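> got a structure for you, letters missing:
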């Protein structure tokens, strides 16, 4: 039985209404736009200092291992809970590119405070900025889907509806191919950057480079990423009005008496308005309950990997603070993740 044809929009682009939804027809991508976003992600994650942050905080900044584990790192965990929850609605309101650039700015300020900050409050604030910047990594994928998408109209600029080629393979030959390509490219870019940075950072440290020099290099890489990010194109639906969270008040007849409302009525009205706002937000950001479930699964599945990595590096430093091989540990872990991302695409 032949697969049903994808629903076409007026501009000749199949499937993805308004830049979102399921792209069952696959489709092509703008190679140079995708390469631009990949370069942006690569530079932001080219940080050879990351595997050595625990010995840097203890040996260079003078904090104890207990303070790092109990007073500094937990701040990012609690901050992430807030930033990841609001990332979707806020990015929809202010625009995908704007949110991604704000995340890059937070990463830049994280690097600045790590290099020149000295107090415990400064280090704790770096964890807040780190959480804010990390929440933009998820939005970066949505931004990449929007700007790298190549509509059928791009291949047929002089016609509103492309002429089908009987020799082309059926549209269901590679369902969701565009999403797999973009996801694999972006994920492999930042994981590959992290992997290479961990390896060369470890080699540089064993060759005599100081922790401070590694952190200065990371600062320069993130700054270069911010410059590249400023040149990124705007997403197609960044020009939209954003979320409409509040409905218009019903008009009342002139001189109509105000109905008497009890406290219970007010609480019910408040609960209904909260539910309506939540439904409007989730519908505009995620489209369906299925996407909410998948997003929750993604959050639960991604949290242990990051936690175990940083727990391991902190534990190694506590066991033997003189033998810093965290770069090799992170290199092996991120290399496996990079290979999985590339294979999935």
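Ah, there it is. Quick caveat: nothing in here was measured; it's all calculated off a predicted structure.

> count of neighbours near residue 213?
Number of residues near residue 213 (other Cβ atoms under 10 Å) recorded here: 15. Every C-beta, even on glycine, is put in place using the N, C-alpha and C of the backbone.

> Could you check the pLDDT of it?
At residue 213, the pLDDT value in this model is 94.

> ok, it to residue 52 distance?
Distance, residue 213 to residue 52, by Cβ to Cβ, to the nearest Å: 11 Å.

> What is the subsequent helix or strand relative to the helix or strand bottoming out on mean pLDDT in the chain?
Lowest by mean pLDDT, DSSP states H and E among the helices and strands of the chain is helix 152-155, with a mean of 44. Moving toward the C-terminus from helix 152-155, the next helix or strand (DSSP states H and E) is helix 177-206.

> Could you list every helix and strand in contact with the following helix or strand past that next one?
Going down the chain from helix 177-206, the next helix or strand is helix 211-230, by DSSP H and E. When contacts are defined as 3 or more Cβ pairs under 8 Å, 6 or more residues apart in numbering; DSSP states H and E, helix 211-230 packs onto helix 31-44, helix 96-116, helix 177-206.

> And for residue 216, the neighbour number?
14.

> list the contacts for it?
For residue 216, the contacting residues are residue 115, by Cβ atoms under 8 Å, 6 or more residues apart in numbering.

> Could you check how far it is from residue 112?
Distance of residue 216 to residue 112, computed by Cβ to Cβ: 11 Å.

> tell me the SS of the spatially closest residue to residue 218 that is not a sequence neighbour?
With sequence-adjacent residues excluded and distances taken as Cβ to Cβ, 6 or more residues apart in numbering, residue 218 is closest to residue 47, at 3.9 Å. Classification of residue 47 using DSSP: H, G, I helix; E, B strand; the rest coil returns coil.

> Over to the one 10 residues further on?
Reducing the assignment at residue 57 to three states with three-state DSSP gives helix.

> That one: how many residues sit nearby?
23.

> What distance do you get for it to residue 332?
23 Å.

> List the buried residues in stretch 117-134.
Judged by neighbour count (16 or more other Cβ atoms under 10 Å), stretch 117-134 contains these buried residues: 117, 123-134.

> Likewise for stretch 206-224?
Buried-residue list, stretch 206-224, by 16+ other Cβ under 10 Å: 209, 211, 214-215, 217-219, 221-222, 224.

> With distance to residue 230 and mean pLDDT added, can I get the helices and strands packed on helix 211-230 in a markdown table?
Shown next, in a markdown table, are these (distance: least, Cβ to Cβ, whole Å; pLDDT from 0 to 100):
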| stretch | distance to residue 230 | mean pLDDT |
| --- | --- | --- |
| helix 31-44 | 10 | 93 |
| helix 96-116 | 7 | 95 |
| helix 177-206 | 18 | 85 |
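
> Tell me which of these lies nearest to residue 270.
Nearest to residue 270, of all these, is helix 96-116, at 28.9 Å by Cβ to Cβ.

> so who does residue 221 touch?
43-44, 46-47, 197.

> name the element the residue lying closest to residue 110 once chain neighbours are set aside belongs to?
Nearest residue to residue 110, sequence neighbours excluded (Cβ to Cβ, 6+ apart): residue 129, at 4.4 Å. Counting by DSSP H and E, the element that carries residue 129 is helix 120-148.

> So which elements touch that helix?
Looks like helix 120-148 contacts helix 31-44, helix 73-94, helix 96-116, helix 177-206 (3+ Cβ pairs under 8 Å, 6+ apart).

> Which parts of the longest one count as buried, going by neighbours?
Of the residues in helix 177-206, those buried by neighbour count under the rule 16+ other Cβ under 10 Å are 177-179, 181-202, 204-205.

> do the second one as well
Of the residues in helix 73-94, those buried by neighbour count under the rule 16+ other Cβ under 10 Å are 73, 75-76, 79-80, 83-84, 87-93.

> quick one: that helix to helix 120-148, angle?
Angle, helix 73-94 to helix 120-148, by axes from the mean of the first three to the mean of the last three Cα atoms, to 10 degrees: 40 degrees.

> coming back round to it: so how far is residue 122 from the residue nearest to residue 110?
10 Å.

> shared neighbours of the two, which are they?
Residues touching both residue 129 and residue 122 (Cβ under 8 Å, 6+ apart): residue 113.

> Show the model's pLDDT score for residue 279.
On the pLDDT scale, residue 279 gets 73.

> Which element, helix or strand, includes it?
Going by DSSP H and E, residue 279 is part of helix 263-286.

> And that helix, what does it pack against?
helix 73-94, helix 289-319.

> how much does the helix or strand that contains residue 336 deviate in direction from helix 177-206?
Using DSSP H and E, residue 336 sits within helix 326-344. Counting by the same axes, to 10 degrees, helix 326-344 lies at 160 degrees to helix 177-206.
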